[in-house]
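**Student:** build me a model from this:
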Amino acid sequence: MNPSLPEDFAARLDRLESLDSIRQLASKYALAIDVRDLDAVVSLYVEDIRTGPGTRGRAALKDVFDRVLRGFTATSHQVQNHVIEFDDADNAQGLVTCRCEHEVQTTQGPRWVVLQNLYHDRYRRDKGRWYFRARVQNRLYATALEDPPTGPLKDRWPDTAPAAAPFHDPFDAWREFWGEQAPDADLPAWTAEDNFIHRLRRSDKLPALARHIAKAHAEARTAAPDSKDEPAP
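**Tutor:** You can find the predicted model right below:
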């Protein structure tokens with residue numbers, strides 16, 4: 001028996017339907033972003049979604065997406081891996097990898113920027129439907145096509161200073177593998193009953209947003225609507 005599924009048949013069926021619904025959230029988000037249907041995008045979030053200090057709700061979230069997405073002429077979000085773990089019947093969390101491509105106007109003219117995102121998600125079921133409760137993005141890299149992301153500073157958004165990408169920051173195993181920190185001698189062996197996401201991050205908390213990305217998000221909230229230097233969604 002799959003240990004991630006409950007034993008009761010009805011509950012098992014509900015879990016399978018929930019898995020599919022949550023996977024659909026990630027795909028719907030990607031497509032709605034790329035066709036710029038902002039009402040569709042914000043409909044995927046809980047009604048009381050937090051959008052910033054003291055601000056909540058889908059209307060406020062729509063304003064954020066409107067400002068951010070006006071910085072890109074065209075985008076393509078390609079959902080890849082999606083791991084989902086349930087906290088209970090109505091709450092879950094996920095890790096989603098996504099290749100994102102953006103046409104960006106820069107001081108050197110139009111550029112095509114490619115980035116590899118890892119979304120740390122939380123989901124909640126309200127009135128029988130699943131929604132995003134939170135999304136935190138961490139990048140492996142971001143760079144224009146003519147500037148391969150080699151070396152330690154992989155986040156190379158045009159017109160910004162190169163920075164270290166936060167993709168690996170939440171994962172102790174990465175630093176242990178490369179000898180940057182000692183292995184945790186007290187860490188138990190993996191088991192089928194482990195919450196995969198908690199164990200992978202060794203924490204039940206969402207990771208912090210990288211400082212340079214958080215700064216870009218803060219600037220996007222106050223930038224003029226026609227700004228061209230806002231962060232990728």
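**Student:** Trp157 touches Tyr141, doesn't it?
**Tutor:** No - with contact defined as Cβ atoms under 8 Å, Trp157 does not reach Tyr141; the gap is 10.3 Å. Heads up, the C-betas are built off the backbone N, CA and C, glycines and all.
**Student:** more neighbours: those two, which one.
**Tutor:** The neighbour comparison of Trp157 against Tyr141 (other Cβ atoms under 10 Å) goes to Trp157, with 24 against 17.
**Student:** ok, now which ones touch that one?
**Tutor:** Residues in contact with Trp157 (Cβ atoms under 8 Å, 6 or more residues apart in numbering) are 113, 142-143.
**Student:** out of the residues you listed, flag the one nearest to Leu69.
**Tutor:** The closest of these to Leu69 turns out to be Val113 (Cβ to Cβ; 14.0 Å).
**Student:** what about the closest one, which helix or strand?
**Tutor:** Element membership of Val113, judged by DSSP states H and E, is strand 109-126.
**Student:** show me which residues of the next helix or strand after that strand are buried.
**Tutor:** Under the assignment DSSP H and E, the closest C-terminal helix or strand after strand 109-126 is strand 129-144. Residues 130-144 are the ones in strand 129-144 that count as buried (16 or more other Cβ atoms under 10 Å).
**Student:** got the angle between strand 129-144 and strand 109-126?
**Tutor:** 160 degrees (axes from the mean of the first three to the mean of the last three Cα atoms, to 10 degrees).
**Student:** strand 129-144 - what's its average pLDDT?
**Tutor:** Per-residue pLDDT over strand 129-144 has a mean of 94.
**Student:** would you map the strands across the chain?
**Tutor:** Applying DSSP state E to the chain gives strands spanning 50-52, 55-56, 72-88, 91-106, 109-126, 129-144, 155-156.
**Student:** can I get the ones you listed in TSV including distance to Asp37?
**Tutor:** Putting the strands of the chain into TSV (distance: least, Cβ to Cβ, whole Å) gives the following:
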stretch	distance to Asp37
strand 50-52	18
strand 55-56	22
strand 72-88	13
strand 91-106	17
strand 109-126	19
strand 129-144	16
strand 155-156	28
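**Student:** so for Leu31, which of those sits nearest?
**Tutor:** Closest to Leu31 of the strands of the chain, according to Cβ to Cβ: strand 72-88, at 7.7 Å.
**Student:** what angle separates that closest one from strand 109-126?
**Tutor:** Using the same axes, to 10 degrees: strand 72-88 against strand 109-126 is 30 degrees.
**Student:** direction included, what does strand 72-88 pair against?
**Tutor:** Paired neighbours of strand 72-88 in the sheet (DSSP bridges): strand 91-106 (antiparallel).
**Student:** tally of neighbours for Asp20?
**Tutor:** 9.
**Student:** could you measure from it over to Phe86?
**Tutor:** As judged by Cβ to Cβ, to the nearest Å, Asp20 and Phe86 stand 13 Å apart.
**Student:** okay, and the common contacts of the two?
**Tutor:** Contacts common to Asp20 and Phe86, judged by Cβ under 8 Å, 6+ apart, are absent.
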